[in-house]
Every structure is written in structure tokens, then in C-alpha cells.
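>>> pasting the sequence and the predicted model now:
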Amino acid sequence: MVDYALFLGCNIPNRLPQLELAARKVLPTFDVNLVDIEEFGCCPEPIGIQELSRDTWMAMASINLALAEEKGLDILALCNGCYETLKTVNTELNHNGHHKEKVNAILSQIGKEVKGSQNVKHLLEVLHKDIGVEKIKSSIQKELKGIKVAVHYGCHAIRPSAILKTDDPFQPKSLDELVTAVGAESIPYLRKMLCCGTGIEGVDKDNQLWMINDKLAQVQHMNADCMTMLCPLCYIQYEMGQLQLKKEPYHGNYAIPIMYYPELLGLALGIDPKEFGFSLHRVKVEPLLEKIL
Amino acid sequence: MKISSDFRKEISKLGEGFSVNYCYQCGTCSGGCPALRYTKVYNPRRIMEDVLLGFKEKTLKDPVLWFCTMCHACLEACPQGVKVSEILILLRNLATELGAFPVHLKAEVSTLIENGLINPGGAAIQRRRQQLGLPDVPKPIVDNIKKVAELTGFISLTGYQPKEGERPKENE
């Protein structure tokens, strides 16, 4: 058993509990024990709070790092944004003593201290590097044969690569390999590495929707049965995007199920679909489930 | 606008800012930039150029500064090792000091300071979580987060003010 402090962030527990459910169902199968830390707060998110004040962002992230350190646990993040924040801040604290001093001067006022002594991991790393493709393959009860999956990584799982060190920043393979491990096919498609555009949602929603549209059109063109990803914000964009794109002037006509990878993995492990929160998906997953079961 | 090296020198002292001096304006950052492709107004090469030329006010007060999606493709692709997106964060921090940041972030700041989360859930989500057999959501110590926000100057920087007529919830 490996213990991790489970870092849920804001969006997964409060908007997409079905994602959390899938992660909690699947990980214990591979001897990963998830420990909840009640006081975890916002990571804080790297594309808003960091932009306003990097110092504040570092100090607030350090509260979360310190909480995991108190328990002697490495952090497992389920969200790309949380992962980028916590990993970047942890790395900076370790490489720059000046930063650590500055942050600790603030944290001492709330009775905390950060050392940077624990690791921060993305679910992608735990699945691909620690558990490994071979172990996943050998645990499969129901191969997802014939299922075409369009993989989407999400920028902050892999970039900046010098800090995150998870995969290649332009041609990543890990999630594709995890998809093949459950017997499904990872289909090639144009715009595979296109960003979901969450970062401009607040300032230019229209162009962000065109951005989402471009990707969905390519996924549809390749007759994918679903898209899979590991980031809740990308998930929201591609799921809600399909609904928003139905309106003028976009006229999109999409019905592409968006699957959090642990959901696909869970189905392949033979877990009853009723045990997941599929009814909470905004784009129906039944056509996919019928094909699988 | 007057060309000067002052702005470049200021940026060079911050974080990864020094790398801006290596920029030779090839435009690789812009070539792979999704924000440029879709918004058609955001252009990372041009922003680096303006920094090098010293156009501080123009750069920081232009709302276009906030049209980057933060995908970091520019930083990965730059043949000169210019940390383009990291420099953009520095620029946005400086713009914030001038009060030039998008209004939607104000709401995000309020939510963060009042809840310790930028996306807190209500009673409905709590019920749904119970139906799914999930534990209660994390409850950050809001006072700690608020205190840190005060100490770093974040509260005065963002102009955060508690909502009028709202009393702090004590016994909930």
C-alpha cells in the first residue's frame, strides 16, 4: 500500500463529484491508499491567482504543502491546475532558499512552516509511472475492444516540462498508453494538443468556444466513441462546450461522451457502471456504455 | 513612445525575467500560440518586443495582456530559452499593481478569501456527494488564508472588500 494525501482542489469535489468517485473506486485496486486532509484549500489556481500576485500564490500553496508535510505524505493531485501549482511551488521552495525564507516568514504568523520535503504527483504519473501499463493490463477484466478514444492531455499536466517532468511537452505518450492498456484504441486526430482555453474563458468566451469547436470537430471527424482526459477544467470545457455550441452562431452538433480516465479504467476493471456517477455527465455516456457492455 | 532599456532592466530582475534579453524576435512563440490563432489580438512575440523596447505603460495597461491561455507552448518552443509565459505572469503581476486586471478575477478573489476555495459547493452538491457515498468536502481554515492574503498585501492589491451588510458566519 502506498499512502497519498488526496488533493481534490475546488472543481472536482464541488462541481464534478463523479470524477472523484471514479478515482476513489479505481485506485485502491492498485494498492494506492488515499488519505483525506480536511484543511486543504484552493491550490490556488495557476491561471488567475498566480497572475495577480505570484508571492500570494506561493504562500497560499505552501499552506497546502505544509499540511501534507505534517502528515509525512506525498500529494496526489487529481487536477492539472492543482498539480502545476503545487509542483511548481514545491520545486521553487527547494531550489530557491530566498523564496522559502520569504514564505516561511508569512506562514509562521499562522503557525505553519513549509520545508518542501514531500513530493507532488499527478494522477497521470501515479497511473503511468508508479502503477505502470503492465500492471494495469494484467488487472483488466473487460477489454474495451473496438472503442475509439480521443485523448486530451491538458496543458498543465505536461508543461512547463522542465519543472513538471511528466512527459514530452509536445508529443506526450503516457495517457495514450494508458488507453491502450485497457484494450481501447487511442485515435490520432488533428488539434490533439490544442489547449481547452479555460485561461481566456473570462475575457473572450466567444473565441474560446471556436477553439473548443475546432477540437470537437476533429474528434467527431475521426468517429471517436469518446474523449478522455485527466483535468476537470478541460472536462468542463469539452462537456459544457458541446451544449453551448448548439446555439447560434456556432451550430455545433456534438454528442461526444467525455470520460475521466479512471472511469474508463474502472469499466475495464469490471466495476459495475451503476457504481459510477454516469448520470451526472452532461453529455450522455449510454451509447458508449452499450458498446462496451 | 520613447525607446528605453528601463523596462527590460526591471523585468530582468524578477523571476525568470532575465531570459527576455535572449529574444531575437523570430516569432516561434507566436507560431504555436493558440491564443493568437483564436483571439487574433494576443501576440507573444509583439509583447516581448514591447518589453525590449521599453513600452511599459502600453504593455501593462493593454487588456490584450490577459488574452493568453497559459498553455506554456511558447516557453517550450522558444529556441532561445526565453520563458515567454513566465514573463507574461510577471507582466500581469505588474499590471495588477496598476489595477489593470480583468474584472472576472475580482469575483474569484472574493470567493477565495471568503471560502478558501475558488469554487465552493452549496447544500445541493453536499447532498449529491452523500448519495454517491463521498465524504464531506475539505474545509480549509479560512482565517489562515485571509491572514496570508493580508500579509502578502493581496487584499489591498486586489481591492478586496467584504460584501456590505454581510456578517461573518460563525455557527455554521
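Arrived safely. Worth saying up front: this structure is predicted, and the values here are computed from it rather than measured.

>>> quick one: contacts for residue B:100?
B:60, B:61, B:63, B:65 (C-beta atoms under 8 Å, 6 or more residues apart in numbering or on different chains). All C-beta atoms are positioned from the backbone trio N, CA, C, and that covers glycine.

>>> repeat that with 6 Å
Shown in contact with residue B:100 (C-beta atoms under 6 Å, 6 or more residues apart in numbering or on different chains): residue B:61.

>>> ok, now residue A:270?
Contacts of residue A:270 by C-beta under 6 Å, 6+ apart are A:141, A:142.

>>> so where is chain B shaky, pLDDT-wise?
B:164-172 (pLDDT under 70).

>>> and if we set it to 90?
B:1, B:121-122, B:137-138, B:162-172 (pLDDT under 90).

>>> any idea which helix or strand comes after the longest helix anywhere in it?
Counting by DSSP state H, the longest helix found in chain B is helix B:84-97. Using DSSP states H and E, the helix or strand that follows helix B:84-97 in sequence is helix B:104-115.

>>> the nearest residue to residue A:221 once chain neighbours are set aside: how many residues sit nearby?
Spatially, and ignoring its direct neighbours in sequence, residue A:221 is nearest to residue A:189 (7.3 Å; C-beta to C-beta, 6 or more residues apart in numbering or on different chains). Residue A:189 is flanked by 19 other residues according to other C-beta atoms under 10 Å in any protein chain shown.

>>> coming back round to it: run through who's touching the longest helix of chain B.
Counting by C-beta under 6 Å, 6+ apart, A:51-52, A:54, B:14-17, B:20, B:29, B:44, B:60, B:65, B:68, B:72, B:74-75, B:78 sit against helix B:84-97.

>>> now residue B:6: closest residue in space, sequence neighbours ignored.
Nearest non-adjacent residue to residue B:6 (C-beta to C-beta, 6+ apart): residue B:54, at 5.6 Å.

>>> element containing residue A:91, please.
Using DSSP H and E, residue A:91 falls in helix A:80-95.

>>> neighbouring contacts of that helix?
By C-beta under 6 Å, 6+ apart, helix A:80-95 touches A:7, A:9, A:43, A:45-46, A:58, A:61, A:65, A:75, A:77, A:99-100, A:116, A:120, A:122, A:154, A:156-157, A:163-164, A:231.

>>> take the residues you listed and keep only those in helices.
Using DSSP H, the contacts of helix A:80-95 in helices are A:58, A:61, A:65, A:99, A:100, A:163, A:164.

>>> if you rank those by neighbours, which is first?
residue A:61 (29 neighbours).

>>> all strands for chain A, in order.
According to DSSP state E, chain A carries its strands in the segments A:2-7, A:32-36, A:74-77, A:120-122, A:148-151, A:185-186, A:226-229, A:258-260.

>>> which parts of the fourth one are buried?
In terms of neighbour count (16 or more other C-beta atoms under 10 Å in any protein chain shown), strand A:120-122 has its buried residues at A:120, A:121, A:122.

>>> and which of these is nearest residue A:107?
residue A:120 (17.4 Å; C-beta to C-beta).

>>> hmm, that closest one is touching residue A:76, no?
No - between residue A:120 and residue A:76 there is no contact, the gap being 8.4 Å when judged by C-beta atoms under 6 Å.

>>> got the buried residues for stretch B:15-26?
B:15, B:16, B:17, B:18, B:19, B:20, B:23.

>>> from residue A:130, how far off is the nearest residue to the fourth one once chain neighbours are set aside?
In space, residue B:18 comes closest to residue B:12 once its chain neighbours are excluded; the distance is 4.5 Å by C-beta to C-beta, 6+ apart. Between residue B:12 and residue A:130 the computed distance is 40 Å (C-beta to C-beta, to the nearest Å).

>>> residue A:277 too?
In terms of C-beta to C-beta, residue A:277 sits 26 Å off from residue A:130.

>>> compare the two (neighbour count), which wins?
Ranked by neighbour count (other C-beta under 10 Å), residue A:277 and residue A:130 place residue A:277 first, with 21 against 15.

>>> what's the burial count for residue B:58?
11.

>>> okay, buried residues for the helix or strand containing it please.
Using DSSP H and E, residue B:58 falls within helix B:56-61. Residues of helix B:56-61 classed as buried by neighbour count (16+ other C-beta under 10 Å): B:56, B:59, B:60.
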